[in-house]
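predicted model follows, preceded by the sequence.
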Amino acid sequence: MKKIIALLFVAILMVSAIGTGLAGGDPATCKHLNCGWKTITPATCTTSGTDWYYCKDCGKDLYFRTTPKKDHVPQTKTVAPKCTVDGYQVTTCKNCGTTLNLVVTTPKLGHKWNLVGQSHNIPKHQWHWKCGRCGKTVTTGATSLSPNPSPVRPAIY
């Protein structure tokens, strides 16, 4: 008997809740007592977000708010110097890729030339060089014993 009375009481409460708009249905008659936020557009480090405050019973959107941008998430990468490129440290955002900071840490190394051969071609003698760091090869003529040939040779006066 107690179970029947309890079930009857619960049924009466549910019917009265439906009649007052608390358990869903018409937004015009809902009291909007069971509300919460839902994210429509999440905020990122480049754009603001949008949240709606809505009634969970009737589904009506009541108002919205703009959420502020999030902070960048920095990550730092160190790049070692090479023969022709400076070494540097770059800090970028992990989420959006924006460069936040770039610092040259070590100047470029320059080539480390090793003489790897010579040829006695007539009428021109040639020297063959190879960089011990990057593997680049250069051939110079008999008038230049340097492995650093410049594209424009300075005039000798």
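Yep, that arrived. Everything numeric here is computed off the predicted structure, so don't read it as measured data.

is it correct that Q89 falls within a helix?
No - applying DSSP: H, G, I helix; E, B strand; the rest coil, one finds Q89 to be strand, outside a helix.

hey, what's it bridged with?
T78, V103 (DSSP bridges).

next, count neighbours for P27.
Neighbouring residues of P27 were enumerated by other Cβ atoms under 10 Å; the total is 15. Heads up, the C-betas are built off the backbone N, CA and C, glycines and all.

could you do L109 as well?
When counting by other Cβ under 10 Å, one arrives at 17 neighbours for L109.

contact partners for it?
By Cβ atoms under 8 Å, 6 or more residues apart in numbering, the residues touching L109 are 81-83, 133.

W127 belongs to a helix, doesn't it?
No - residue state for W127 (three-state DSSP) corresponds to strand; a helix is not indicated.

pLDDT score for it?
W127 is assigned 80 on the pLDDT scale.

beta partners for it?
On the basis of DSSP bridges, W127 takes part in beta bridges with Q118, T140.

and the gap between it and C83?
Using Cβ to Cβ, to the nearest Å, W127 is found at 19 Å from C83.

next one: C93
As judged by Cβ to Cβ, C93 and C83 stand 30 Å apart.

next one: Q75
With distances defined as Cβ to Cβ, the gap from Q75 to C83 amounts to 27 Å.

all helices of the protein, in order?
Taking DSSP state H as the criterion, the chain contains helices spanning 2-20.

mind giving me the domain split of it?
With automatic domain parsing as the criterion, the domains of the chain are listed as 11-67, 74-106, 111-146.

buried residues, the last one. List them.
Of the residues in domain 111-146, those buried under the neighbour-count criterion (16 or more other Cβ atoms under 10 Å) are 111, 113, 127, 129-131, 138, 140.

what does the second one give?
If you call a residue buried by 16+ other Cβ under 10 Å, then domain 74-106 has these buried ones: 81, 87, 92-93.

now for the chain, the helix or strand with the poorest mean pLDDT.
The weakest-scoring helix or strand in the chain, judged by mean pLDDT, DSSP states H and E, is helix 2-20 (a mean of 52).

quick one: distance of stretch 108-115 to the chain centre.
Computed by Cα atoms, centre = their mean, to the nearest Å, the chain-centroid distance of stretch 108-115 equals 35 Å.
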